[in-house]
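**Q** Sharing a model that was predicted from the sequence below.
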Amino acid sequence: FIKKQAIQCLRIHHRLKIAGHHDDPISQILDQIPKRRSTSTMKKQYLSTIWPTVCKILAELDAYHH
């Protein structure tokens with residue numbers, strides 16, 4: 001897989017509920033992880049909801065590349 005094919009094949013935008021105009025949706029999610037402990041309840045809830053999906057996608061990508 002090349003990156004663009006993997007993003008399309010695994011339907012990453014749809015699974016992460018991100019608009020399709022982002023070239024790298026996983027990096028976008030990872031960039032949202034706060035450097036320090038977040039006090040925002042909404043951000044904590046969002047990340048705790050989306051994190052299992054990110055982990056699953058990363059495991060699928062790892063499996064395809066090995």
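**A** Sure thing, it's come through. Source: prediction; values computed, not measured.

**Q** from here on, contacts and neighbour counts on C-alpha atoms
**A** Will do.

**Q** For the residue nearest the centre of the chain, give me its contacts.
**A** Taking CA atoms, centre = their mean as the criterion, residue 26 is the residue nearest the geometric centre of the chain, at 3.5 Å. Shown in contact with residue 26 (CA atoms under 8 Å, 6 or more residues apart in numbering): 12, 54.

**Q** For it, give its distance to residue 48.
**A** 15 Å (CA to CA, to the nearest Å).

**Q** again, but for residue 34
**A** In terms of CA to CA, residue 34 sits 13 Å off from residue 48.

**Q** Which element, helix or strand, includes the residue in the chain sticking out farthest from the centre?
**A** Most distant from the centre of the chain: residue 39, at 21.5 Å, with distances by CA atoms, centre = their mean. Here residue 39, judged by DSSP states H and E, is contained in no helix and no strand.

**Q** Assess the claim that residue 50 and residue 15 are in contact.
**A** No - counting by CA atoms under 8 Å, residue 50 does not reach residue 15; the two are 9.1 Å apart.

**Q** For the helix or strand hosting residue 59, buried residues please.
**A** Here residue 59, judged by DSSP H and E, is contained in helix 41-64. Neighbour counts over helix 41-64 (16 or more other CA atoms under 10 Å) mark 47, 54, 57, 61 as buried.
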